[in-house]
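In: model this:
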Amino acid sequence: MIDYDKFRKSLQHLEVQYANHRRAQHRPELTEIDREAIAESVIQRFETCYDTLWKDLKRHLVEVLGLPEVPNSPKPILRLAGRNDLLSSPVEQWLKYADARIGTTHDYSGDKAVQALAVMEAFIADALGLYRTMTGTPWE
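Out: Numbers count the residues shown, from 1 in each chain. So this is what the prediction gives:
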């Protein structure tokens with residue numbers, strides 16, 4: 001049995017911090033550096049959640065679906081998940097998340113951060129859907 005607890009916790013943390021980021025945009029008492037720190041935290045939580053997600057997805061493909069040969073990198077795993085009807089949105093959208101994750105490696109500023117934050121709401125919704133699909137449980 002796969003333990004999805006780390007994925008669940010990382011997704012919960014991402015949800016909370018992304019909501020904090022959205023609220024921060026309307027809080028005039030925060031300095032620009034405060035807003036940047038919150039945005040960086042969202043990106044770090046996205047990285048953790050994304051990495052946990054694809055690793056749990058790989059285990060799901062092997063242990064639950066019984067697929068014999070599953071690659072060991074995110075994009076091929078996402079394509080395989082799409083072919084096995086595990087994703088609620090098109091694989092192309094998931095590949096955008098993968099690109100956002102790759103883009104944030106060691107760079108939380110500028111265009112790459114903006115691009116990652118731009119997909120965050122959709123990523124969270126899709127990750128919630130995948131969590132429900134893999135675990136068979138509702139999101140709490």
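In: make it CA atoms for all contacts and neighbour counts henceforth
Out: OK.
In: so how many other residues sit close to residue 15?
Out: Residues lying near residue 15 (other C-alpha atoms under 10 Å) number 20.
In: quick one: it and residue 124 touch, right?
Out: Yes - contact criterion C-alpha atoms under 8 Å: residue 15 and residue 124 qualify, at 6.9 Å.
In: mind showing which ranges of this protein have poor pLDDT?
Out: 106-109 (pLDDT under 70).
In: Helices of that one, residue ranges please.
Out: Along the chain, the segments classed as helices by DSSP state H run 5-24, 32-59, 74-83, 91-104, 110-135.
In: and the last one, which residues are buried?
Out: When you say that, I think you mean helix 110-135. For helix 110-135, a neighbour-count test (16 or more other C-alpha atoms under 10 Å) marks 112-113, 115-117, 120, 123-124, 126-131, 134 as buried.
In: Remind me what that helix packs against, helices and strands.
Out: Counting contacts by 3 or more C-alpha pairs under 8 Å, 6 or more residues apart in numbering; DSSP states H and E, helix 110-135 is packed against helix 5-24, helix 32-59, helix 91-104.
In: Let's see that with 7 Å instead.
Out: If you count contacts as 3 or more C-alpha pairs under 7 Å, 6 or more residues apart in numbering; DSSP states H and E, helix 110-135 packs onto helix 91-104.
In: again, but for the third one
Out: Using 3+ C-alpha pairs under 7 Å, 6+ apart as the contact definition, the elements that helix 74-83 packs against are helix 91-104.
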